[in-house]
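Q: Got a predicted model here, sequence first, then my questions.
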Amino acid sequence: MNLYKTIQNFLFDQKYSIEIWDKYIHVFRFIDIITLNETLIILNMENFNLEIKGDEFKVLKLTKNEILINGNLKEMRIAS
Amino acid sequence: MNYLWLSIQKKAKDRLLMKCYKNKIAILSSKEDDKNFFILIKKEDLKKLQKVYYGKIKIQSQKGLLNCQNFCKRYSIFIIALIFAILTFFILNHIMVDVQIIHSNKEIRTILESELEKYGIKKNSFKKSYQELQAIKEKILQANQEKLEWLEIEAKGMKYIVKAEERIITTQDKEKTKCNIIAKKEGIIKKLIYSKGEAKVQTNDTVKKGDILISGKVMKDEELKKEICATGKVYAEVWYKAAIKVPLSKEENILTGKVRYNLKYDQNLIFKSRVLDYQEEIYPLFKLFDKQISFVKQKEVIKQTKKYNEEELSSLASNILKEKMKLFLEADEQIISQKIISQEKDGDALNISYFLIVLEQIGEEQLF
């Protein structure tokens, strides 16, 4: 497992990532989903909560620690 | 990997997403329309989802191996038929069912047959390529230089057509300059036809085997004038003894009027015959794999044994004798008379001995 973690750390050395493109939001390595609906998504990250506000949010992909959202982003906030 | 597209009601999608997340069910893709929400999950996650989500889940479609498996199941008959058709096509294209050797000489045909078989050109074998056929052709020609002048192996449809040209080595006959015509058997001379030479016998002379009939030595005043090759034919009465066996009774087929129909593939009946003894009329239909398929009309017969009377017996014996003698006699030779010497019954047959007088050409050339 050590070897696996070392390789993982080498390839992706960040604790998390949040990427925003036109109409797409990609969040990697979140801890939990607090709220999930068409206008508000709150994700629990390592040291903070990520609040994503907008409308017509659609979850395109969802795995244990990764989410890809499509929709109109209006506001993104970090709440501790 | 097997994947499933599931559909649920659109209004329950947030609840479903949360349930999926909480139960570590990965949503690999999603889409929605006016009423429904669709998600793509792994097949093994379906049971997990059904345990935690009580709404109505509909399997929309399958992806991956499962889809392939389902396709195979659904179209199994079509797939089997397709494979069978491809195999049949392959067989029809690559298997040769016959080898036809076109040549009038039986010896050449036999040589070719064994040579071709040696190189794998035989009935029910895989088709050879053009290059292979050319190579085989060269090898056969090389091995039979003295017998074969030219050879062609052609793959036509499902059979090979082999054409050959025999090598004729013309050896000049030993020039027949000096020869006599001698008697090849004993007999009484009845007719003498000659164009060259000097006759040494006359009509009604009895000759023995080896006697000179027409001499090639032309004499004049007891002096040898010239030596030539005598040509001519000498016919003599020759006596023979012949024995034949004639059956005392014969089996006759009597039609009962009952008719049954069947099909025949080459020489074999396709359906079991419904009559025991029958006469058949064959009507060819078409050829399949180079074998004839025919329609067969079977007319039932009853076999009856009929005894010959004396007149019939003698006529039958005479006919058999004539047929047998035909094999030995030339067109210009004939039976002059025949007489029964003895008759002896042997079980169901009658042994008859004949004394024959035959007019036969007895002269043959002898060089000197």
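A: Ah, there it is.
Q: Would you mind listing what in chain A touches chain B?
A: A:33, A:36-38, A:58-64 (C-beta under 8 Å from any C-beta of the partner chain). From N, CA and C alone the C-beta is placed, and that goes for glycine too.
Q: Weed out the non-buried ones from those residues.
A: Buried by 16 or more other C-beta atoms under 10 Å in any protein chain shown: A:33, A:36, A:58-62, out of the residues of chain A next to chain B.
Q: export the residues of chain A next to chain B to JSON lines and tack on secondary structure?
A: Output for the residues of chain A next to chain B, formatted as JSON lines (DSSP: H, G, I helix; E, B strand; the rest coil):
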{"residue": "A:33", "secondary structure": "strand"}
{"residue": "A:36", "secondary structure": "strand"}
{"residue": "A:37", "secondary structure": "coil"}
{"residue": "A:38", "secondary structure": "coil"}
{"residue": "A:58", "secondary structure": "strand"}
{"residue": "A:59", "secondary structure": "strand"}
{"residue": "A:60", "secondary structure": "strand"}
{"residue": "A:61", "secondary structure": "strand"}
{"residue": "A:62", "secondary structure": "strand"}
{"residue": "A:63", "secondary structure": "coil"}
{"residue": "A:64", "secondary structure": "coil"}
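Q: of these, closest to residue B:321?
A: Of all these, residue B:321 sits closest to residue A:61, with 105.5 Å by C-beta to C-beta.
Q: quick one: contacts for that closest one?
A: A:67-68, B:27-30 (C-beta atoms under 8 Å, 6 or more residues apart in numbering or on different chains).
Q: What helix or strand is residue B:342 located in?
A: Taking DSSP states H and E as the criterion, residue B:342 maps to strand B:334-346.
Q: chain center to that strand: distance?
A: Centroid separation for strand B:334-346 versus its chain: 41 Å, with C-alpha atoms, centre = their mean, to the nearest Å.
Q: Go through it and flag the buried ones.
A: Under 16+ other C-beta under 10 Å, the buried positions of strand B:334-346 are B:335, B:338.
Q: Following the chain onward from that strand, which element is next?
A: strand B:349-361.
Q: partners of residue B:3 in the sheet?
A: With DSSP bridges as the criterion, residue B:3 is bridged to residue B:42, residue B:63.
Q: In this structure it contacts residue B:45, no?
A: No. The criterion here is C-beta atoms under 8 Å, and residue B:3 misses it with residue B:45 at 9.5 Å.
Q: What is the least confident helix or strand in chain A?
A: helix A:2-11 (a mean of 81; mean pLDDT, DSSP states H and E).
Q: how about that one as CSV, C-alpha atoms only?
A: Extracted in CSV, the C-alpha atoms of helix A:2-11 (Å, rounded to 0.1, in the frame of the first residue of the first chain):
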residue,chain,number,x,y,z
ASN,A,2,2.9,2.3,0.7
LEU,A,3,4.1,1.9,-2.8
TYR,A,4,0.6,2.7,-4.1
LYS,A,5,0.4,5.8,-2.0
THR,A,6,3.8,6.9,-3.1
ILE,A,7,2.9,6.6,-6.7
GLN,A,8,-0.4,8.3,-6.2
ASN,A,9,1.4,11.1,-4.3
PHE,A,10,3.9,11.5,-7.1
LEU,A,11,1.2,11.6,-9.8
